[in-house]
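Undergrad: I'd like to go over a predicted model; first the sequence, then the structure.
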Amino acid sequence: MTATTVTTTDEILLELVDEQGRTIGTAEKLSAHQAPGRLHRAFSVFLFDEEGRMLLQQRALGKYHSPGVWSNTCCGHPYPDEPPFVAAARRTAEELGAAPVRMQQAGTVTYDLPDEASGLVEREYNHLFVGVADDTFTPDPDEVAATSFVTPEELAELQEQKAFSVWFTTVLDAARPTIRAVFPNAGW
């Protein structure tokens, strides 16, 4: 007798991975984020305008995880067997209403970060992407409360004043070498 998995339309599966990023199974999205967390594939996108200002988003207040905090341009999880680059482009278009103009890989980073505000855990093998956005986007209000292009100085000021996602600094620091290569005069 073969076991059958029943998936409802509300259930989103994430790809579980080992420490080397090899797929080892799947788990429902919320359960993967509940303590102690299960290592799963994720992505983070950092888009910039032509002047090298970073596009930040404030997460919508209705999001189950980290509502209302500021974060990188877009982040999320590939569907099982979906290439991370494809997922990053897809989710950026879904959240912002426009796909990146150019985007490239910027490495990976693994972390295990508890979010005290929600009680959830970000235990992720995160694929990083850096690219360019034009300024003709229309964010989905169910995903994004606000957006802002910022310089490094403006980011530092905003971080002193506003709450940011628990993963933001970790993924930004990991993506910095690529950001600096793509935008060498922007001060990142």
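TA: Cool, the structure landed.
Undergrad: name the nearest residue to the residue most central in space within the chain, ignoring sequence neighbours.
TA: Residue closest to the mean C-alpha point of the chain, counted by CA atoms, centre = their mean, is C75 at 1.6 Å. Nearest residue to C75 in three dimensions, chain neighbours excluded: S44, at 4.5 Å (CB to CB, 6 or more residues apart in numbering). All C-beta atoms are positioned from the backbone trio N, CA, C, and that covers glycine.
Undergrad: so the one you found is in which element?
TA: Using DSSP states H and E, S44 maps to strand 40-48.
Undergrad: pull the CA atoms of whichever helix or strand comes after that strand into PDB?
TA: Scanning forward in sequence from strand 40-48 by DSSP H and E, the next helix or strand is strand 54-59. These are the backbone C-alpha positions of strand 54-59, laid out as PDB (Å, rounded to 0.1, in the frame of the first residue of the first chain):
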ATOM      1  CA  MET A  54      18.600  49.900  -2.800                       C
ATOM      2  CA  LEU A  55      14.900  49.200  -3.100                       C
ATOM      3  CA  LEU A  56      13.500  48.300   0.300                       C
ATOM      4  CA  GLN A  57      10.000  47.100   1.100                       C
ATOM      5  CA  GLN A  58       7.900  47.300   4.200                       C
ATOM      6  CA  ARG A  59       6.100  44.100   4.600                       C
END
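Undergrad: by contact count, what packs against the longest helix seen in the chain?
TA: What stands out as the longest helix in the chain, according to DSSP state H, is helix 168-182. In terms of contacts (3 or more CB pairs under 8 Å, 6 or more residues apart in numbering; DSSP states H and E), helix 168-182 is packed against strand 40-48, strand 102-115, strand 120-132.
Undergrad: who's in contact with the closest residue in space to A98 that isn't next to it in sequence?
TA: Spatially, and ignoring its direct neighbours in sequence, A98 is nearest to F137 (4.0 Å; CB to CB, 6+ apart). Applying CB atoms under 8 Å, 6 or more residues apart in numbering to F137 gives the contacts L96, G97, A98, T147.
Undergrad: mind showing which ranges of this structure have poor pLDDT?
TA: Applying pLDDT under 70 to the chain flags the ranges 1-10.
Undergrad: try it again with 80
TA: 1-10, 135 (pLDDT under 80).
Undergrad: the nearest residue to V121 once chain neighbours are set aside: how many residues sit nearby?
TA: In this structure, V121 finds its nearest non-sequential neighbour in G37, 3.2 Å apart by CB to CB, 6+ apart. The tally of other residues near G37 (other CB atoms under 10 Å) stands at 17.
Undergrad: shouldn't G37 be in contact with G119?
TA: No: counting by CB atoms under 8 Å, G119 is not a contact partner of G37; they are 11.0 Å apart.
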